[in-house]
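Student: Let me see the structure of the following:
(2 chains)
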Protein chains: 2
Amino acid sequence: MEQLRTHIEKIVPLSDEEFASISSCFTYRKYKKHQFLIQHGDTVSYNYFVLKGLLKLVYTDDGGKEHIVGFAMEDWWETDFPAYYQSKKATMSLECVEDTEVLCLSLEDYRKIVSTHPKMEHFFLEKAYMGFIAAQQRIISTMTTGIKERYEQLLEKHPSLIQRVPKSLLAAYLGVSRETLSRLPL
Amino acid sequence: MEQLRTHIEKIVPLSDEEFASISSCFTYRKYKKHQFLIQHGDTVSYNYFVLKGLLKLVYTDDGGKEHIVGFAMEDWWETDFPAYYQSKKATMSLECVEDTEVLCLSLEDYRKIVSTHPKMEHFFLEKAYMGFIAAQQRIISTMTTGIKERYEQLLEKHPSLIQRVPKSLLAAYLGVSRETLSRLPL
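Tutor: Have a look, this model is predicted:
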């Protein structure tokens, strides 16, 4: 749990009692590569904090083609957020790219944390702002930038992610075929 | 200010005293069609709550082409958020599509509001989550859906927006030329 505490305390300092109360709301789970944390159509029970490993958030279109909405590795949060927060069925799936360990937070426990520790709303607000900024920058990048430049931006921003993610998944994230990505002078 | 109170109270109930304290942090401004609230390269002083009118948030690429990142009309918030929140120079511009009235909130006053009224963090957190969900859905829609379907989704979600926005701006939002949009069987 020390990893979670370090992560939260980058934004909000906590006493030992506060952290004990907050951490009691999380449950630890371990998954093997290729296992699903969320499957399309499921009820989404948890938001996941990644302790170790790598996840992909996937939207599958009507033709069965997989589009990668996002990756998540150590210290990132990931879930089908609209389904989690609005208690709807999942429209995306969340799958392990590597063996992965997570801390799971249910919506009920999330609400308990923010009502018991109002300063944790500040923590989640910072995370939400950063998520919004990243999503908006991805929209702008998709509208204005070629695949090569987007690959290079990703490499600059998250060098370790690029090393760990298979090229076929990178292609599905960038919205090109594996062949097109291979042909780029990278 | 009653419009702002109704807007906030959809999420967080306020006493008269609380609302008086919060509303004193906003300043009213009125702009004419084509006026800029933010210009690329500016310091971004405010987040804007739209009372009346219509704004476009624009990213201009190196070739001088305008891409519309978002629109904002009555009861929407808009700014160059990364520049506002991280005190950087604007990479986008915010311009009036119609004569527009706004309430302006500086970052300093935002911080004053959330520190004096912690429940307002809950209000801004809800807004941030909805902004993140909308941005993520736009990413998915761009990856998976054709222009015609995206136009129809926009029409379904925001019918009044479609009526008010000139077709050339809709094209710049959807990422196609005005001519391509005209040729679609809409």
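Student: What parts of chain A come near chain B?
Tutor: Within chain A, the positions lying close to chain B (C-beta under 8 Å from any C-beta of the partner chain) are A:59, A:61, A:65, A:67, A:69, A:81-82, A:85, A:114, A:118-119, A:121-122, A:124-125, A:128-129, A:131-133, A:135-140, A:142-144, A:175. Quick note: C-beta positions are derived from backbone N, CA and C, even for glycine.
Student: Show me where chain A dips below the pLDDT cut-off.
Tutor: Residue ranges of chain A with pLDDT under 70: A:186.
Student: Pull up the gap between the nearest residue to residue A:166 once chain neighbours are set aside and chain B, please.
Tutor: Closest residue in space to residue A:166, ignoring its immediate chain neighbours: residue A:97 at 7.5 Å, by C-beta to C-beta, 6 or more residues apart in numbering or on different chains. Residue A:97 sits 19 Å away from chain B, taking C-beta to the nearest C-beta, to the nearest Å as the criterion.
Student: In this model residue A:170 seems to touch residue A:97, though I could be wrong.
Tutor: No. Between residue A:97 and residue A:170 there is no contact, the gap being 11.0 Å when judged by C-beta atoms under 8 Å.
Student: Strands - which of the residues of chain A next to chain B land there?
Tutor: With strands taken from DSSP state E, the overlap with the residues of chain A next to chain B comprises A:59, A:67, A:69.
Student: the strands in chain A, which residues?
Tutor: Under DSSP E, chain A gives strands at A:27-31, A:36-38, A:46-52, A:54-60, A:66-73, A:77-78, A:93-96, A:100-106.
Student: Relative to residue A:8, which of the ones you listed is closest?
Tutor: Minimum separation from residue A:8 across the strands of chain A (C-beta to C-beta) falls at strand A:46-52, 9.6 Å.
Student: ok, residues contacting the closest one?
Tutor: Outside of strand A:46-52, the residues within contact range by C-beta atoms under 8 Å, 6 or more residues apart in numbering or on different chains are A:3-4, A:7, A:26, A:28, A:37, A:55, A:72-79, A:81, A:84, A:94, A:99-107, A:110.
Student: Just want the most central residue of chain A.
Tutor: residue A:78 (2.9 Å; C-alpha atoms, centre = their mean).
Student: Not counting its neighbours along the chain, what's nearest it?
Tutor: Residue A:78 sits nearest to residue A:72 (C-beta to C-beta, 6+ apart), 3.6 Å away.
Student: Among the residues of chain A next to chain B, name the buried ones.
Tutor: Neighbour-count burial (16 or more other C-beta atoms under 10 Å in any protein chain shown) applied to these gives A:59, A:67, A:69, A:81-82, A:85, A:114, A:121-122, A:124-125, A:128-129, A:131-133, A:135-139, A:142-144, A:175.
Student: Restricted to helices, list those residues.
Tutor: The members of those that map onto helices under DSSP state H are A:81-82, A:85, A:114, A:121-122, A:124-125, A:128-129, A:131-133, A:135-139, A:142-144.
Student: Isn't residue A:109 up against residue A:21?
Tutor: No. Using C-beta under 8 Å, residue A:109 makes no contact with residue A:21, being 10.9 Å away.
Student: still on that earlier bit, compare the strands of chain A and give me the one nearest residue B:180.
Tutor: strand A:66-73 (22.4 Å).
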